[in-house]
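Engineer: Fold the following, please.
(chains A and B)
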Protein chains: 2
Amino acid sequence: MIDSYELFYWPGIQGRGEFIRLALEDAGAPYVDVARRSAREGGGVPALMKLLKGGGPGPLPFAPPFLRRGKLVIAQTTNILLYLAPELGLVPEGEPARLTAHGLALTLADLVTEAHNVHHPIGPGLYYEDQKDAARRAAVSFRAERIPKVLGYFEQVLEHAGGRHMLGRKHSYVDLSMFQVIEGLLYAFPATMRRITKTVPRLLALRTRVAARPRIAAYLASDRRIPFNDNGIFRHYPELDRAPVKPRTRAT
Amino acid sequence: MIDSYELFYWPGIQGRGEFIRLALEDAGAPYVDVARRSAREGGGVPALMKLLKGGGPGPLPFAPPFLRRGKLVIAQTTNILLYLAPELGLVPEGEPARLTAHGLALTLADLVTEAHNVHHPIGPGLYYEDQKDAARRAAVSFRAERIPKVLGYFEQVLEHAGGRHMLGRKHSYVDLSMFQVIEGLLYAFPATMRRITKTVPRLLALRTRVAARPRIAAYLASDRRIPFNDNGIFRHYPELDRAPVKPRTRAT
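Structural biologist: Predicted coordinates:
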């Protein structure tokens, strides 16, 4: 019998943990979402904090998500996916395919960091409310330059790969991560995304296909899928999804 | 005969490419820093742009650095290190050690992104001069919270590992990357770093030891080491390394 995977991540948000959840769900793998279990079952945030404060044999992780399997504790979202994908059948065989997948996953992770930076440009230690003006400016740049550029890149990769899967003929965790990023952007920046729909048709079709995968569809309909909210990475602040409002000038 | 490694990165900055250069130099591996070669030798930025615009068999990389070896093109700094380290003898054997190393490298890469964000909080599309006020605020948060927290974490990892190497008994690319981050922070935030010297003694000693490794010392003294400058990730803007200046109030 194999140990089940234990995912450690904040219980109230999709966040970076969602990229791991989607891979485990798509593969139908047994896993425990530790911090979402009750304290009585050994879960909750205290269980997460305990591991974060040291206790494993190797270096402690800096931040969630991390994955435990037996004695192994793996830190960082993309590192966890790198480890899981071959076991879950979510990446083609061979080192070149795995390096390509990982490179794409890392580029997606960079975009996720940028999406977070939009509502927290000054720093994670301040509330959004205390950095709203900078956020408004960061959002203009993100919407006008970054979203089109980065999604344009992934659209091109998908086209180059034949249009169906990010890595070509085979479904992989990169498709799942791509789905999550598109979902997040559609939630956070609906007006912006409406305007670029025509430029990324393959990515939007990929998103639809991933959502229709039986296990993913079941997961998305379950209460295991935490709804998007204003504590996560992708946040819908309407003021960050609009053209900057110019100050009204009064005649005379 | 093996193909030599070809590194593609911007020729005028250390940037993210420096993490790769340090690994190759420390191992004494043969490599070509393509964009620093002359156009006559097939180098220069055009050679880099050519690959970036497509031309390889797999997906094109989103941005430099990327590494080519024969037909393989690997994107993303940490992915390149993941690939190179076993070949260069810069990571202990076995999957657990490699996952641990990669997790630490990814956490360092996050800090590098944050260090860049300090002078470009609004976005990469604007000049520093056009986001100076936000940068000043971001720098306060980075200096007061992030540097102590993240370096404190790495200090703890190093202590836990015995104090000599990030991964315990063996030198690895994580030591080299750690060196580069400390170097960068010392260059960009000398006043801030002076204040926290006593809290990260092991990291500072590690930095000294890495700098004294014969191949690294030779590299640092050579013109292959590009000096830090105001186009890179770590930039020394004195106004970002000081306590915020309060507006003077006039006694009337």
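
Engineer: by contact count, what packs against the helix or strand of chain A with the lowest mean pLDDT?
Structural biologist: Within chain A, confidence by mean pLDDT, DSSP states H and E is lowest for helix A:45-52 among all helices and strands, at a mean of 89. When contacts are defined as 3 or more Cβ pairs under 8 Å, 6 or more residues apart in numbering or on different chains; DSSP states H and E, helix A:45-52 packs onto strand A:5-8. For every residue, glycine as well, the C-beta is placed using N, CA and C.

Engineer: What residues of the strand it packs on count as buried?
Structural biologist: A:Tyr5, A:Glu6, A:Leu7, A:Phe8 (16 or more other Cβ atoms under 10 Å in any protein chain shown).

Engineer: following that strand, which helix or strand comes up?
Structural biologist: helix A:17-27 (DSSP states H and E).

Engineer: who touches that next one?
Structural biologist: When contacts are defined by Cβ atoms under 8 Å, 6 or more residues apart in numbering or on different chains, helix A:17-27 is touched by residues A:5, A:7, A:9-10, A:14, A:29, A:31, A:33, A:64-65, A:67, A:77, A:80-81, A:84-85, A:88-90, A:173, A:176-177, A:179-180, A:213, A:215-216, A:219, A:224, A:226.

Engineer: Which of those fall within helices?
Structural biologist: Mapping the contacts of helix A:17-27 onto helices (DSSP state H) picks out A:77, A:80-81, A:84-85, A:88, A:173, A:176-177, A:179-180, A:215-216, A:219.

Engineer: now the residues you listed: which count as buried?
Structural biologist: A:77, A:80-81, A:84-85, A:88, A:173, A:176-177, A:179-180, A:216, A:219.

Engineer: what about the residue in the stretch 151-252 of chain A positioned nearest to chain B, how many residues close to it?
Structural biologist: Residue nearest to chain B within the stretch 151-252 of chain A: A:Val157 (4.4 Å; Cβ to the nearest Cβ). Here the number of neighbours of A:Val157 (other Cβ atoms under 10 Å in any protein chain shown) works out to 24.

Engineer: In CSV, list the C-alpha atoms belonging to the strand or helix carrying it.
Structural biologist: Assigned by DSSP H and E, A:Val157 belongs to helix A:147-160. The C-alpha coordinates for helix A:147-160 follow below in CSV (Å, rounded to 0.1, in the frame of the first residue of the first chain):
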residue,chain,number,x,y,z
ILE,A,147,-2.0,39.7,-20.0
PRO,A,148,-1.8,40.1,-23.7
LYS,A,149,1.9,39.3,-23.9
VAL,A,150,2.0,36.3,-21.7
LEU,A,151,-1.3,34.7,-22.8
GLY,A,152,-0.3,35.5,-26.4
TYR,A,153,2.9,33.5,-25.7
PHE,A,154,0.9,30.5,-24.4
GLU,A,155,-1.5,30.7,-27.3
GLN,A,156,1.4,30.4,-29.6
VAL,A,157,2.9,27.5,-27.7
LEU,A,158,-0.5,25.7,-27.9
GLU,A,159,-0.8,26.4,-31.6
HIS,A,160,2.7,25.1,-32.2
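
Engineer: Show me which residues of that helix are buried.
Structural biologist: Within helix A:147-160, the residues scored as buried using 16+ other Cβ under 10 Å are A:Ile147, A:Pro148, A:Val150, A:Leu151, A:Tyr153, A:Phe154, A:Glu155, A:Gln156, A:Val157, A:Leu158.

Engineer: contacting residues around stretch A:124-140?
Structural biologist: Contacts with stretch A:124-140, where a contact means Cβ under 8 Å, 6+ apart, come from A:117-123, A:235, A:237, A:239-241, A:243-244, B:121-123, B:131, B:134, B:137, B:141, B:144-146.

Engineer: For PyMOL, write a command that selects the buried ones of the residues you listed.
Structural biologist: Typed into PyMOL, the line below selects the buried ones among the contacts of stretch A:124-140, using 16+ other Cβ under 10 Å:
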select buried, (chain A and resi 117+118+119+120+121+122+123+235+237+240+241) or (chain B and resi 121+122+123+131+134+137+141+146)
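
Engineer: Spell out which parts of the stretch 151-252 of chain A neighbour chain B.
Structural biologist: Residues of the stretch 151-252 of chain A lying close to chain B (Cβ under 8 Å from any Cβ of the partner chain) are A:Tyr153, A:Gln156, A:Val157, A:His160, A:Ala161.
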